[in-house]
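Asker: below are the sequence and a predicted model for it; my questions follow.
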Amino acid sequence: MSGSHTVAAIDCGTNSIRLLIASANSDGRLVEQARELEMVRLGQGVDATGSFRPDALERTFSACRTFAQAIADHHCDRVRFVATSAARDVSNRDAFFAGVRQALGVDAEVIDGMEEASLSFAGAISGIQVIDEPVLVIDCGGGSTELVLGRGSSIDSRVSLNIGSVRLRERFLHDDPPTVEQIDDARKYVREALDSCPVDVAAARTVIGVAGTVTSLSAIGQNLTDYDRAKVHRSVLTVGQISDLAGKLLSSTVDEVEQMGPLKRRRAEVLCGGAVIIDEVCRRATAGKLVVSETDILDGMALAMLAQGS
């Protein structure tokens with residue numbers, strides 16, 4: 001692996017689109033050059049309509065154009081763009097593909113939940129020193145949640161579940177704040193998905209959480225007024241803290257949630273849905289706590305590209 005190569009990884013999810021530009025040092029560890037995030041809500045309404053809205057597409061393409069400039073500025077050797085849950089089943093994917101190609105000059109890849117899970121696992125363990133195994137990695141996104149159980153760099157089991165923060169908000173948590181009945185329905189939906197899950201959550205000795213829901217929960221739990229990746233990365237939330245945070249978010253309006261921490265509006269709108277998922281998963285785990293990681297699918301993508309060379 002050569003540190004002379006610079007790669008760009010783009011993860012386009014249901015709620016956000018993110019960019020990581022990185023190289024590698026002599027021992028193969030990532031050297032971050034740039035990391036950017038835009039809350040574009042590409043998957044807005046997809047659960048109900050099965051298609052991307054024109055305004056959601058344009059928000060996404062605008063972010064792609066911004067990313068293209070950063071990629072050019074850093075003289076990246078390789079660029080990989082992956083799209084996850086929201087792009088898997090929509091009827092107008094061609095418009096999405098064409099817009100990404102025009103903005104970035106690369107083809108978007110719609111990866112399945114299994115590859116998403118594997119990349120998230122690789123990225124998570126690259127940034128966290130795991131003492132007790134097996135380790136469970138939870139990647140809670142807007143449209144899906146990936147659970148991966150493994151030891152070292154080997155995966156024992158993995159699954160991608162159709163539960164996500166945007167999906168729960170749009171399908172169940174309609175009011176602001178949600179009603180008791182809506183919350184009960186959302187929790188029932190998540191529990192049913194976990195009941196049939198092939199990953200043994202209870203077996204994990206260490207639980208790592210990645211992506212915006214868990215990093216936001218950590219920021220709120222630490223009472224951060226400005227987002228600080230160094231304070232969020234490797235922070236720990238107990239199961240009790242997660243349950244309390246979920247209850248607080250579910251009983252608050254979006255305006256109130258937005259004031260709880262350094263949250264973008266589109267994150268605040270759906271955070272209660274993600275909190276339900278993290279709460280329900282962690283209640284089944286016996287580890288008693290969640291370690292928050294800032295390294296995730298982007299880091300897994302970048303590591304894979306750098307390992308392949310350019």
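Answerer: Structure received. Numbering: from 1, shown residues only.

Asker: just confirm residue 124 contacts residue 295, I think it does.
Answerer: Yes - assessed by Cβ atoms under 8 Å, residue 124 is found in contact with residue 295 at 6.1 Å. (Each C-beta comes from the backbone N, C-alpha and C, glycine too.)

Asker: identify the contacts common to those two.
Answerer: Common neighbours of residue 124 and residue 295, using Cβ atoms under 8 Å, 6 or more residues apart in numbering, are residue 210.

Asker: let me see the ranges of the helices in this structure.
Answerer: 46-49, 54-73, 93-104, 113-127, 165-171, 180-195, 212-221, 229-232, 239-250, 254-258, 265-284, 297-308 (DSSP state H).

Asker: lowest mean pLDDT across those, which one is that?
Answerer: Lowest mean pLDDT of the helices of the chain: helix 46-49, a mean of 86.

Asker: to residue 16, which of the helices of the chain lies closest?
Answerer: When the helices of the chain are compared by Cβ to Cβ, helix 212-221 sits nearest residue 16, at 6.2 Å.

Asker: keeping just the C-alphas, turn that closest one into CSV.
Answerer: Only the C-alpha atoms of helix 212-221 are listed here, as CSV (Å, rounded to 0.1, in the frame of the first residue of the first chain):
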residue,chain,number,x,y,z
GLY,A,212,-25.2,9.9,12.2
THR,A,213,-27.7,8.6,14.8
VAL,A,214,-25.1,7.4,17.2
THR,A,215,-22.7,10.2,16.7
SER,A,216,-25.5,12.7,17.3
LEU,A,217,-26.6,10.8,20.5
SER,A,218,-23.1,11.1,21.8
ALA,A,219,-22.9,14.8,21.0
ILE,A,220,-26.2,15.4,22.8
GLY,A,221,-25.2,13.2,25.7
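
Asker: looking at residue 124 and residue 295, which is more packed in?
Answerer: Legend: neighbour count by other Cβ atoms under 10 Å for residue 124 and residue 295, higher for residue 124 (29 against 24).

Asker: distance of that one from residue 152?
Answerer: 13 Å (Cβ to Cβ, to the nearest Å).

Asker: quick check: neighbours shared by those two?
Answerer: Joint contacts of residue 124 and residue 152 (Cβ under 8 Å, 6+ apart) do not exist.

Asker: who's in contact with residue 250?
Answerer: Here residue 250 is in contact with 173, 177-178, 183, 272, 275-276 (Cβ under 8 Å, 6+ apart).

Asker: give me the buried positions along stretch 18-34.
Answerer: Residues of stretch 18-34 classed as buried: 18-24, 30, 33-34 (neighbour count, 16 or more other Cβ atoms under 10 Å).

Asker: what's next to stretch 65-84, contact-wise?
Answerer: 5-14, 17, 19, 21, 33-34, 36, 38, 96, 100, 103-111, 113, 116, 119, 141, 143-144, 297, 301, 305, 310.

Asker: I am finished for the moment; much appreciated.
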